[in-house]
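In: 3D, please:
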Amino acid sequence: MVAKLASNHMNITTEKEQIRQHILAARGELSGDARASCDAIITTRLLQLPEYKQATTALGYMNFGSEYASELWISQALADGKQLALPRVNRHSNMLDLYWVEDPENQLDTGLWGIREPVVERCKRLNDINEVEFALLPGVAFSRDGARLGYGGGYYDKLLAQMMHRPTLVCAAFGLQIVAHIPQEETDIKTAWIVTEAETIDCSATGNT
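Out: Model prediction:
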């Protein structure tokens, strides 16, 4: 039984890595102009979500590489008066710590993997992660049932597993990042919404808008 479980886990891990590499390569081929156009449309769609409008506290992330430009959404969330938390990798616990950010230009600096993170001395720590009502999560690939494939570190699954009151989980992605199926393990947590330049997918329903 143990050997079978180990084999299943290895198969899932291999399949995930194949999907990850395929999508990262495809996403990297998007031109700057095409990505900028998609970024603008996705941001508008995110801001139209009722769950976003109703939330007073939100969790975001700083984009890097060829990701959706979440910095556009972050700027508008702050302009809309949201309390915004951003993550910082805690290298001792290998977990994400959250900090309130009001001024990204002055409160963030380049951190792990070149991603901009809150500077501890300039931000207030979010001690109760259950305060977050709306969470925008990064990812590499997504399926319409809400399965999310990240970069392999499991940071967000570990963070969300700690929450007693889970926020509305939303992922922003380019249409090419939507795949037919993503293998899931017990620790994987699904998202409620996936927003692309072409559609807003309600992962709890069979249809989308």
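In: okay, now the unreliable bits of the chain?
Out: 1-10, 206-209 (pLDDT under 70).
In: in it, which spans are strands?
Out: Applying DSSP state E to the chain gives strands spanning 57-59, 83-90, 95-100, 108-110, 116-118, 124-125, 134-137, 141-142, 148-149, 168-172, 193-195, 200-202.
In: dump those to CSV, plus distance to residue 46 and mean neighbour count.
Out: All C-beta atoms are positioned from the backbone trio N, CA, C, and that covers glycine. Conversion of those to CSV gives the following (distance: least, C-beta to C-beta, whole Å; neighbours: other C-beta atoms under 10 Å):
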stretch, distance to residue 46, mean neighbour count
strand 57-59, 10, 23
strand 83-90, 14, 20
strand 95-100, 19, 19
strand 108-110, 20, 14
strand 116-118, 19, 22
strand 124-125, 25, 12
strand 134-137, 7, 23
strand 141-142, 14, 24
strand 148-149, 16, 23
strand 168-172, 6, 24
strand 193-195, 5, 24
strand 200-202, 9, 18
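In: please identify which of those is closest to residue 15.
Out: For the strands of the chain, the distance to residue 15 is smallest for strand 148-149, at 9.8 Å, taking C-beta to C-beta.
In: partner residues bridging the most centrally placed residue in the chain?
Out: Closest to where the C-alpha atoms of the chain average out (C-alpha atoms, centre = their mean) is residue 137, at 1.5 Å. Note on residue 137: beta-bridge partners residue 171, judged by DSSP bridges.
In: what sits against residue 21?
Out: Residues near residue 21 by C-beta atoms under 8 Å, 6 or more residues apart in numbering: none.
In: just residue 193 next, same as before
Out: Contacts of residue 193 by C-beta under 8 Å, 6+ apart are 49, 51, 168-171, 200-203.
In: thought residue 122 was touching residue 107?
Out: Yes: the pair residue 122 and residue 107 passes the contact test of C-beta atoms under 8 Å, sitting 4.6 Å apart.
In: residue 141 touches residue 15, doesn't it?
Out: No: at 11.1 Å, residue 141 and residue 15 do not qualify as touching, with contact defined as C-beta under 8 Å.
In: just give the number of residues close to the closest residue to residue 114 other than its chain neighbours.
Out: In space, and not counting its chain neighbours, residue 114 is closest to residue 64: 5.8 Å by C-beta to C-beta, 6 or more residues apart in numbering. Residue 64 has 13 neighbouring residues, counting by other C-beta atoms under 10 Å.
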